[in-house]
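Novice: below: sequence and its predicted model.
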Amino acid sequence: MLSLVVFLALLAAAPLYTSNPYYIHMIGTIMIYAILLFGLDIVVGYTGQVSLGHAGLFGVGSYTAGVMFMKLGAPLWLIIPASVCVTAGFGALLALPALRVTGPYLAMVTLAFGTIIQILINEMTFLTEGPLGIKVPKPDLFGAKLTEHEFYWLVLALMALSLVVVDRILRSQLGRAFEALRGSPVASDCMGVSVYRYKVYAFVISAGFAGLSGCLYAYSEQYISPNTYNFELTVLFLLAVIMGGRKTRSGAMLGAAIIVILPKLLDDLEMFRQVSSVLAVLMLVGAIVAIAKKITTPRAMAIPVVGTLALAAFSFWLESITDWRLSIFGLMILFVVYYLQDGIVGFFRKLTSRKTSRGQAYQAPAHAKDAITVAASASGNESGGTLLNAQGVLMQFGGLKALNEVDLRIQRGTIHGLIGPNGSGKSTMMNVLTGIYVPTAGSIEFCGRSVVERSSADIALSGIARTFQNVQLFGEMTALQNVQVGLHHTFNSNLLDVALNTPRYQREDESAIERGMGLLNFVGLADLAGEEARNLPYGKQRLLEIARALALDPQLLLLDEPAAGLTAPDIKELIAIIRKIRDHGITVILIEHHMDVVMSVCDAVSVLDFGQKIAEGKPAEVQANEKVIEAYLGAPAA
Ligand code: ADP
Ligand code: MG
């Protein structure tokens, strides 16, 4: 925090110690790009989508400003919000393909989006003057035209503002939702965080920053033309995020500096020699430190170190740089992307961080009781009666009937076991109940309301929470953050609350931390709150999934083989936890292979075999049932 303030102060003082307008303009451009990259990082770093459409959005921002100035003579205070809003609207358009396709397909679609924008700017001459471009003089503010320096300070102020706002967004429930859908879309949906909605949000917010950036760029350059917003620029933006280091604001600023400065450095041979020498020394020192700290092996570092040394040697051998510029630029980028996948900031964080980051010191509440608010009792429902009623559920995959006319009736307040051999359709049943699959036929009623054809997020919010057979945590998020995603439904605050850090948001945020810690405490993970989920041992990951599911305040909790891969003492603990959950009034459906677990906790058991229900009843009855023994042993009982 302090270093950030010092850094911003240094930036603010820059015009005082250099009067060279070239440098002031360059630093200004870096800050303008940084604003765009903060936003691009939301999409790329947090939600994990690739966008090659951001140069197009940048262009929309610039041209909104240019056209409003030229056609309407609009003032700056009107043009800035207009650019942000118009571009955010285009961001929503760009988000539409992201809802249907991902990966390389999405990259292609967003690229097409950027290209179309560029073509439109070129062709809509009545509005944009086409290839001629638009002249935009420095804006007026308070009745006087801004000087170069004043404009620089305006850009700095807006960058600082963007930095604060982006940071707040990403720390809030919105940021957690973005990150969750990268970690596991299916789990996000099942935590009531609609992947669909938050992808659109991410693109819209990201586009808003691109709009601000583009608008400032128009004033900074004082002339805009369609050529600027091309393919090269969009790739450069993406590289800046990756090179600087995704999921960090300092990475975005560093990335912006690299893409602005590097091409300029490569214009000048003397400069290039100095830079490559410094780079080689840094690389050497970095490698030695990294090897000494056992972060990497000498072998892994050999090629990068030799590579940078060779680059330095090459620079002194070169006589003219002009022919080599692009190749060297390309090589450097390739190098960073290949060797520093967490970007430069990520790399240095690794070097300087201690082995693991423990959870922040937090006094967990002694009693976790209040952690689970019992939805059932809260809504005035007495125990007893049918909570879930599935009739004739058929789930067909091609010719395979994974579920064949299954009836399932779950009594409120019970633990209902669902057992059967592998492939008998147990997990499919859970997927049908949580809206991941839509059943081919049959009806499912939960609390008197049909579940069929509703979205997973909707079903989750109506009170069905679950865990997954193959653990679906948000790996890069901490244990506490994982649970907080489950608590997403407790937030009423919107983007504005988050950006302004209003009392309402603060209250909700504090209570989400408290309840999150309470839930972690409930499953015995309080002291691992700050650990990234992917670093937890397998057994703990399963417990964390349960805590996250409980955060939804469910009436019904579905556990899919929670004991799989657990050690005997862990299983004992798990049984105790499941009992406690039921005692809080939450109904449980338990899929389990460990018969001792099923027999000791279940009030009733249903048995599936080849998609059909072959038995049902009290655990002891089911255990003695001949059909069940046959199904499990694969041969008729003697
Ligand atoms: P289990 O009882 O072990 O949890 P599942 O419900 O996972 O069994 O699977 C039941 C059957 O349905 C298996 O034969 C499985 O291959 C099949 N199945 C499950 N999901 C799909 C799917 N998405 N597409 C095709 N077949 C599936
Ligand atoms: Mg299964």
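Specialist: Here it is on my side, so go on. Ligands and ions are numbered 1, 2, ... in the order given.
Novice: and the residue of the stretch 251-400 of the chain found nearest ligand 2, which of the three is it?
Specialist: Closest to ligand 2 within the stretch 251-400 of the chain is M395: 13.2 Å, counting by Cβ to the ion. Backbone N, C-alpha and C define where each C-beta goes, glycine included. Three-state call for M395 (DSSP: H, G, I helix; E, B strand; the rest coil): strand.
Novice: run a quick neighbour tally on it.
Specialist: 22 (other Cβ atoms under 10 Å).
Novice: for it, list each beta-bridge partner.
Specialist: Legend: beta-bridge partners of M395 under DSSP bridges are L403.
Novice: so who does it touch?
Specialist: By Cβ atoms under 8 Å, 6 or more residues apart in numbering, the residues touching M395 are K401, A402, L403, G425, T428, V432, Y437, P439, T440, G611.
Novice: quick one: which of the residues you listed is most hemmed in?
Specialist: Going by other Cβ under 10 Å, L403 tops those with 30 neighbours.
Novice: quick one: that one from G425, how far?
Specialist: Taking Cβ to Cβ, to the nearest Å as the measure, L403 falls 5 Å from G425.
Novice: where do the contact lists of these two overlap?
Specialist: Common neighbours of L403 and G425 (Cβ under 8 Å, 6+ apart) are M395, G611.
Novice: work out for me the element the nearest residue to M68 once chain neighbours are set aside sits within.
Specialist: Distances taken as Cβ to Cβ, 6 or more residues apart in numbering place A74 nearest to M68, at 4.2 Å, with adjacent residues excluded. Take DSSP states H and E as the rule and A74 turns out to sit in neither a helix nor a strand.
Novice: neighbours around the residue of the stretch 201-350 of the chain at minimum distance from ligand 1, how many?
Specialist: Per Cβ to the nearest ligand atom, A202 is where the stretch 201-350 of the chain lies closest to ligand 1, at 27.4 Å. The burial count assigned to A202 is 29, neighbours taken as other Cβ under 10 Å.
Novice: mind listing what it touches?
Specialist: Taking Cβ under 8 Å, 6+ apart, one finds I42, V43, Y46, T47, Q49, A95, F178 in contact with A202.
Novice: for P619, same thing?
Specialist: Contacts of P619 (Cβ under 8 Å, 6+ apart): G417, V598, M599, C602, A604, V605.
Novice: and these as JSON lines, adding pLDDT?
Specialist: Output for these, formatted as JSON lines (pLDDT from 0 to 100):
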{"residue": "G417", "pLDDT": "95"}
{"residue": "V598", "pLDDT": "90"}
{"residue": "M599", "pLDDT": "89"}
{"residue": "C602", "pLDDT": "94"}
{"residue": "A604", "pLDDT": "94"}
{"residue": "V605", "pLDDT": "94"}
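Novice: center of the chain - which residue?
Specialist: Compute the mean C-alpha point of the chain, and by Cα atoms, centre = their mean the closest residue is E179, 1.8 Å away.
Novice: can you pull the contacts of that residue?
Specialist: So E179 contacts Y46, T47, F474, E476, M477, Q481 (Cβ under 8 Å, 6+ apart).
Novice: next, give me the two most distant ones among the residues you listed.
Specialist: T47 and Q481 (15.1 Å; Cβ to Cβ).
Novice: if we can go back for a sec, just the ones of the contacts of M395 in helices?
Specialist: T428, V432 (DSSP state H).
Novice: let's have the contacts of M395 in JSON lines, adding distance to ligand 2 and pLDDT.
Specialist: Formatted as JSON lines, those follow (distance: Cβ to the ion, whole Å; pLDDT from 0 to 100):
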{"residue": "K401", "distance to ligand 2": "16", "pLDDT": "92"}
{"residue": "A402", "distance to ligand 2": "10", "pLDDT": "93"}
{"residue": "L403", "distance to ligand 2": "12", "pLDDT": "94"}
{"residue": "G425", "distance to ligand 2": "8", "pLDDT": "94"}
{"residue": "T428", "distance to ligand 2": "8", "pLDDT": "95"}
{"residue": "V432", "distance to ligand 2": "13", "pLDDT": "96"}
{"residue": "Y437", "distance to ligand 2": "13", "pLDDT": "94"}
{"residue": "P439", "distance to ligand 2": "17", "pLDDT": "94"}
{"residue": "T440", "distance to ligand 2": "19", "pLDDT": "94"}
{"residue": "G611", "distance to ligand 2": "12", "pLDDT": "92"}
